[in-house]
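1. sequence plus predicted model, see below.
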Amino acid sequence: MLDLTLLWQMSVVSDVPSVENLRVCDSVDLDVYLQHEAHISVDGVLANLAPDGEYILGKPAGILIASPSNGENGEPEYLSTWTRDSSLTFKVLVELFIGGNGSLRPKIDDWVALQGKLQLLSNPSGFPNSGGLGDPRFEVDGTTAWMNWARPQRDGPALRATTLTLFSNWLISNGETAHVLDQVWPIISKDLAYTARYWNQTGFDLWEESWGSSFFTVAASHRALVEGAALAKRLGHACALCESTSPEVLCFLQSFWTGTHITSQLNYNQGWKHHDLDSSTIISSIHTFDPEANCDDATLQPCSSRALANLKVTTEDFRSYKLNEGISLGKAIALGRYNAGDEYYGGNPCTSGWPRWLHAAIHQWKRIQYITVTDVSLSFFTDLVPSIRPGRYTKGTPTYDNLLSAVRTYADGFFAIVQKYTPQNGDLAEQFSKVDGSPLSARKLTWSYASFLSAKLRRDGILGQSWNSASSKLPATQCVGRPICTSLTFSLLADSIPESEQVYVVGSVDQLVTVDLPTDMPFEFKFIRKWPNQETRWQPGSNFVATSAANCGEKVTVNSSVEWQPDQTSGAARTIIMTSGARRAIRAWFVW
Ligand code: NOJ
């Protein structure tokens, strides 16, 4: 087993072979290479972490940039902190800390404190208690990033809650419950409230390109709510909303299964990209791996039949990369985000953590002491062991040993790809060329280092914590989400507004644009007036706060009195769907 303290120490001592020496010889032993790249990856993450990191020196403590790439020389602009990237990276750092690397504690505390501050920022996704937590990225000085971006992205709060829950459980077990109650739980509870409230609303996916319901986001939401409910109990609180919502989320998750694979997106908006096969479904099972779970199809555990079938089908989609030419079935190939239509830097292989899945599955089979090959997962297994047939193979039989060893070899093949295409200095970029393997897009990507480290930890048998997935049950009755009402009318009683003017509603939720507002959904809104000469005036004062009706067709009355004032043009209009000109039945709006 990897000594985690040692791994950490490796980043500050130099008694390991130099990278140059390693890279000169392609046939260097994989174990040696992996140990060395782990050292580089820890350093790579810390170089991107303020206040001491080389690429973010002096910025507020806890800011973890996605990459030092600053938009120059053809590189993307990643000099910001993303909630998703930093949460997934700190999940790994917390695992290293729990594994014995005490020197990480102040860095984790800094990050936690910073998250509490970021949660309080109003931003283009909303206010702190009305959607703002779904804003994906923040400036390096810890302020709102006002630029146009794909927002909201609803996975961030759930991923952050998971990392903070992992940390909190350790703190509680080590006598620091008061610290959790004081410093960490207030942040987690806000994230859980966001997740419970927005899990079934559409948003941008993790690749920041597609609008809809993303499998990755829904699965991350489910995990966060389940473990959040358990943590609340441990702290003597309750998260009733987590408990009541998580079965519904699990239920919705089932609808992504197509019969052959997991589709990455439902309810997608035709105006944006949509792809069915997408490696985010693989990353999702990596994230929701529960070391104490069985091969559970409902939560798509790595050793479940559905997850393995999905791995096979999704992986095959990348076979057409030039880099993968001539590699036979059952051998690892380079994987990207999705294949058809990926135009980001040309659409190339990315990240370095794929084998995490397989090592997670290996652990699960070892724990339950058997491997079940079903009709659903057969195609995954036949690539590795062509003679295999559906059946249950128990520990101690040659077939069980044979299958385990084949999966381990397959997993190491993915590590060998990282070894082959990582440049001499060990830097992990966001992508590497599908033609010749050279690094592309953002350099020194924090998330790439974190994925690599986490894969290495899994390979070394360090598994993270159970998130209590077994406690999560599908609802007994058929699950149905909240009904979506297809029309919504705002009435403004303002007799002084002449017929020649138009009145709009602007609001905090995108559903106002499509008029697909789920029942029982909180949102904020304001009225604006447009004069015939196009001059615009905003309703002054605070926003109105409302919750849509419990049932479609019902009326909700919001007490409001509006005093119009001179021009107030804040707020970025995204879409104006239609203008009706009717002054009291208002059916024109956009979202701020
Ligand atoms: C683009 C990726 O698609 C997204 O997932 C990531 O959060 C950002 N880059 C920052 O790394």
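-> Thanks, I have the structure now.
2. who are the contact partners of residue 324?
-> Applying C-beta atoms under 8 Å, 6 or more residues apart in numbering to residue 324 gives the contacts 318, 333-334. Placement of C-beta: from N, CA and C, glycine included.
3. export those to JSON lines and tack on neighbour count, distance to residue 39 and secondary structure?
-> Listed next are the contacts of residue 324 as JSON lines, based on neighbours: other C-beta atoms under 10 Å; distance: C-beta to C-beta, whole Å; DSSP: H, G, I helix; E, B strand; the rest coil:
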{"residue": "318", "neighbour count": "22", "distance to residue 39": "29", "secondary structure": "coil"}
{"residue": "333", "neighbour count": "21", "distance to residue 39": "27", "secondary structure": "coil"}
{"residue": "334", "neighbour count": "24", "distance to residue 39": "24", "secondary structure": "coil"}
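4. among those residues, which one lies nearest to residue 54?
-> Closest approach to residue 54 among the contacts of residue 324 (C-beta to C-beta): residue 334, at 29.1 Å.
5. where's that closest one relative to residue 432, distance?
-> According to C-beta to C-beta, to the nearest Å, residue 334 stands 7 Å off from residue 432.
6. which ones are touching the residue of the stretch 201-350 of the chain found nearest the ligand?
-> Ranked by C-beta to the nearest ligand atom, the top residue of the stretch 201-350 of the chain for proximity to the ligand is residue 207, at 4.2 Å. Under the criterion of C-beta under 8 Å, 6+ apart, the neighbours of residue 207 are 278, 280, 337-338, 344.
7. near the ligand, which residues of the chain?
-> 66, 78, 82, 84-85, 206-208, 447 (C-beta under 6 Å from any ligand atom).
8. need those in TSV with secondary structure, can you?
-> Conversion of the residues of the chain next to the ligand to TSV gives the following (DSSP: H, G, I helix; E, B strand; the rest coil):
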residue	secondary structure
66	coil
78	coil
82	strand
84	helix
85	helix
206	coil
207	coil
208	coil
447	helix
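9. between these, which sits nearest residue 473?
-> Using C-beta to C-beta, residue 206 is the member of the residues of the chain next to the ligand that lies nearest residue 473, at 26.9 Å.
10. can you show me the strands along the stretch 51-200 of the chain?
-> Counting by DSSP state E, counting those that start in this stretch, the stretch 51-200 of the chain has these strands, from start to end: 81-82, 137-138.
11. and the first one, what does it pack against?
-> This points to strand 81-82. strand 137-138 (3 or more C-beta pairs under 8 Å, 6 or more residues apart in numbering; DSSP states H and E).
12. rewinding a little: what's the overlap in contacts for residue 334 and residue 432?
-> Common contacts of residue 334 and residue 432 (C-beta under 8 Å, 6+ apart): 349, 421.
13. circling back to that earlier point, separate out the buried members of the residues of the chain next to the ligand.
-> Taking 16 or more other C-beta atoms under 10 Å as the criterion, what is buried in the residues of the chain next to the ligand is 66, 78, 82, 84-85, 206-207, 447.
14. related to what we said a few turns ago, so what pLDDT did the residue of the stretch 201-350 of the chain closest to the ligand get?
-> Residue 207 carries a pLDDT value of 97.
15. just the closest residue of the stretch 451-592 of the chain to the ligand, please.
-> With C-beta to the nearest ligand atom, the shortest gap between the stretch 451-592 of the chain and the ligand falls at residue 451, namely 11.3 Å.
16. for burial, what's the neighbour tally of that residue?
-> The number of residues packed around residue 451, counting by other C-beta atoms under 10 Å, is 26.
17. how about the secondary structure of the spatially closest residue to it that is not a sequence neighbour?
-> Using C-beta to C-beta, 6 or more residues apart in numbering and skipping residues adjacent in sequence, the residue nearest residue 451 is residue 353, 2.9 Å away. Three states are possible here, and by three-state DSSP the one that applies to residue 353 is coil.
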